[in-house]
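Enquirer: Would you be able to build a 3D model of this:
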Amino acid sequence: MSVDEAPVQPASPQGGLLARHPLISFLLNLLIVGVLALLVAVSCGSGDQSATTDTDESATAFGSEDAENLPPIHVGGGGGDQTPVLMRVVAPPEPVKGTDGEFHLVYELELTNSSPGTATVVSVEAIAPSSGEAVGTLADGDLASRMTLLGDVSGETTTDIGSGQVAFVFLDVTFEDPGDVPEAIEHRLEASFDIPAGFASNLFPSTTTDTGGGTEVLRGEPVVLGPPLEGANWVAFNGCCTVSPHRGAILALDQRLLVAERYAIDWMMADDEGQVVLPDDTQELENFPAYGKRVLSVADGEVVEVVEGYPDVTPGEVDTSLTLEDAGGNHVIVDIGNGRYALYAHLKPDSIEVEEGDRVTCGQELALLGNSGNTTAPHLHFHVMDAPLALGADRNLPYVFDAFDYQGFLQAEDGTPNLLTTPEAREDELPQALSVVTFAAP
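Expert: Model prediction:
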């Protein structure tokens, strides 16, 4: 499990479609239900557990006179191991090649603490079930930087999960060769528990090491795309595969929990020295070098959605009146075939050149880069999904660009440029977080 240039990307001014929007949280009442069930088991557990209950009393209790039709009541110890932290992978991963030359499995492990106390996650291992070998490990500070609670919009990370709470571990398991990627992944989780003294506290373990959260690894090839922009000094803010506002955009829609922006990139432009203009430096849109740049179709396809009418917002300011539907501002969605759809968001007002139903070709101008919707600095939000829904698709899909020049990257801690003397030509890679690239003109 590797983190590329930095384990955590700092909050950038522009964010994702959902950045600065509260994440949707679940209300879990499992503790109350669990305590009531446990109380029944303990109360009935004294004496001979195999003894039958008086027929008449049972019939009266169930509101029936036919005791023979009552379901059997099982009380006492059961089989299996106690696993207070439940593991589930939100969506199966599939390998994608990054600018570090490695193949990344990018996915989220959902953890639910069913105990009455606080669970502290000590370590998480990704395991290849066929061999039982760990292919990646997160522990200590690395784990703490990649774990957050569902519904926590503070940006804080943690290894503690309160009773009834849900947390996510943002995983990035890497391989040097695609042939080394296993067909499935499961997880070994070590946790300790701080169970409050009182009723049934002795019935919960103080530590556990459990294996679960199994998932298949998808074998499809990421779609190969042309560039969405042209020219030098494009910086991949909030990109793969760190913790970022995009990875944290976990949304509940139609009873589904979606990581709606897993592979999204916010494209901003730096100057030739790698310095990026931020809203703290200016509130004039024209001072941002990305503003007004041409946005290009990444593939041949059909325009399936065009949304216009949103103004540019003042850099550094947040429009708190925006709803979820407003997050993308002016935007275009293009059906690029094979169940894939490309989203171009935060476009400049009155700049969209296409209409719904238009056929477009790779490299064709769609609009100009702007600052509309849920954004605090001019940038292009781009991602690919499996339905024409900006935030409601089942899967946010990996992709690679067919060709670009890799110029280097910005340090996550302070944005210090680390640029190569001579940019490197790259093919079929996904630019990772804070990469600086040049896209050739179409």
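Enquirer: All the strands of the stretch 201-350 of the chain, in order from the start?
Expert: For the stretch 201-350 of the chain, applying DSSP state E, counting those that start in this stretch gives strands covering 207-216, 223-225, 231-237, 250-253, 256-259, 265-269, 294-296, 301-307, 331-337, 340-345.
Enquirer: Comparing those strands, which stretch has the densest surroundings?
Expert: strand 265-269 (a mean of 26; mean count of other C-beta atoms under 10 Å). Every residue, glycine included, has its C-beta placed from N, CA and C.
Enquirer: Output the below-cut-off pLDDT ranges for the stretch 301-442 of the chain.
Expert: Residues of the stretch 301-442 of the chain meeting the criterion pLDDT under 70: none.
Enquirer: can you list the strands of the stretch 201-350 of the chain in CSV and add distance to S163?
Expert: Below are the strands of the stretch 201-350 of the chain laid out as CSV (distance: least, C-beta to C-beta, whole Å):
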stretch, distance to S163
strand 207-216, 15
strand 223-225, 42
strand 231-237, 36
strand 250-253, 20
strand 256-259, 20
strand 265-269, 36
strand 294-296, 47
strand 301-307, 42
strand 331-337, 41
strand 340-345, 38
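Enquirer: among the ones you listed, which is nearest T422?
Expert: Smallest distance to T422 across the strands of the stretch 201-350 of the chain (C-beta to C-beta): 13.0 Å, for strand 231-237.
Enquirer: mean confidence score for the closest one?
Expert: Mean per-residue pLDDT for strand 231-237: 98.
Enquirer: before we move on, back to that, which one of the strands of the stretch 201-350 of the chain lies closest to A440?
Expert: Judged by C-beta to C-beta, the one of these that comes nearest to A440 is strand 231-237, at 8.8 Å.
Enquirer: Can you give the strand pairings for the closest one, parallel or anti for each?
Expert: Strand pairing for strand 231-237, using DSSP bridges, gives strand 265-269 (antiparallel), strand 435-439 (antiparallel).
Enquirer: excluding its backbone neighbours, what's nearest L218?
Expert: Leaving out its chain neighbours, the residue that sits closest to L218 by C-beta to C-beta, 6 or more residues apart in numbering is E94, at 3.7 Å.
Enquirer: I'd assumed R219 was in contact with the one you found.
Expert: Yes - using C-beta atoms under 8 Å, E94 makes contact with R219 at a distance of 6.9 Å.
Enquirer: Pick out whichever of those two has more residues nearby.
Expert: A side-by-side neighbour count of E94 and R219, using other C-beta atoms under 10 Å, places E94 first with 21 against 10.
Enquirer: Please report how far the more buried one lies from V153.
Expert: Per C-beta to C-beta, to the nearest Å, E94 is found 29 Å from V153.
Enquirer: one step back: to R395, which of the strands of the stretch 201-350 of the chain lies closest?
Expert: strand 256-259 (8.4 Å).
Enquirer: Just list what the closest one packs against, helices and strands only.
Expert: Contact here means 3 or more C-beta pairs under 8 Å, 6 or more residues apart in numbering; DSSP states H and E; on that basis strand 256-259 packs against strand 250-253.
Enquirer: Strand partners (parallel or antiparallel) of the strand it packs on?
Expert: In the sheet, strand 250-253 lines up against strand 256-259 (antiparallel) (DSSP bridges).
Enquirer: how distant is the partner strand from the center of its chain?
Expert: Chain-centre distance of strand 256-259: 9 Å, with C-alpha atoms, centre = their mean, to the nearest Å.
Enquirer: quick one: contacts of it?
Expert: Residues from elsewhere that reach strand 256-259 (C-beta atoms under 8 Å, 6 or more residues apart in numbering): 90-91, 108, 110, 247, 249-252, 391-394, 396.
Enquirer: need the contact list for the nearest residue to P398 once chain neighbours are set aside.
Expert: Closest residue to P398 apart from its sequence neighbours, by C-beta to C-beta, 6+ apart: V96 at 3.8 Å. Residues near V96 by C-beta under 8 Å, 6+ apart: F103, H104, V106, P222, C240, Y263, P398, Y399, V400, L430.
Enquirer: now V96, which residues is it bridged with?
Expert: Following DSSP bridges, V96 is listed with bridge partners H104.
Enquirer: how close does it sit to L251?
Expert: In this structure, V96 and L251 are 22 Å apart, going by C-beta to C-beta.
Enquirer: What segments of the stretch 101-250 of the chain are helices?
Expert: Assignment of helices within the stretch 101-250 of the chain using DSSP state H, counting those that start in this stretch yields the ranges 140-144.
Enquirer: show me where pLDDT drops low in it?
Expert: For the stretch 101-250 of the chain, no stretch is flagged by pLDDT under 70.
Enquirer: List the residues that contact E427.
Expert: By C-beta under 8 Å, 6+ apart, the neighbours of E427 are D402, A403.
Enquirer: re earlier: compare the strands of the stretch 201-350 of the chain and give me the one nearest F168.
Expert: The nearest among the strands of the stretch 201-350 of the chain, by C-beta to C-beta, is strand 250-253 at 6.6 Å.
Enquirer: Quick one: distance of the closest one to the chain centre.
Expert: Centre-to-centre, strand 250-253 and its host chain are 10 Å apart (C-alpha atoms, centre = their mean).
Enquirer: Could you tell me whether A425 really is in a strand?
Expert: Yes - the assignment for A425 is a strand, going by DSSP: H, G, I helix; E, B strand; the rest coil.
Enquirer: Make sure it is actually in contact with A403.
Expert: Yes - the criterion here is C-beta under 8 Å, and A425 meets it with A403 at 7.2 Å.
Enquirer: Looking at those two, which is more packed in?
Expert: Using other C-beta under 10 Å as the criterion, A425 and A403 rank with A403 on top: 14 against 11.
Enquirer: now do the same end-to-end measure for stretch 191-201.
Expert: Stretch 191-201 has an end-to-end distance of 17 Å (C-alpha to C-alpha, to the nearest Å).
Enquirer: Any buried residues in that stretch, and which?
Expert: Neighbour counts over stretch 191-201 (16 or more other C-beta atoms under 10 Å) mark A191, F193, I195 as buried.
Enquirer: which one of those is nearest E284?
Expert: Nearest to E284 among the buried residues of stretch 191-201, with distances taken as C-beta to C-beta, is A191, at 50.6 Å.
Enquirer: Quick one: residues contacting the closest one.
Expert: If a contact means C-beta under 8 Å, 6+ apart, then A191 has P84, V85, A119, T120, V121, V122, T207, T208, T209, D210 as its contacts.
Enquirer: how close does the fifth one sit to I336?
Expert: So the one you mean is V121. 39 Å.
Enquirer: same question, L434
Expert: Spatial separation of L434 from I336 under the definition C-beta to C-beta is 26 Å.
Enquirer: Ok, P222 next?
Expert: 12 Å.
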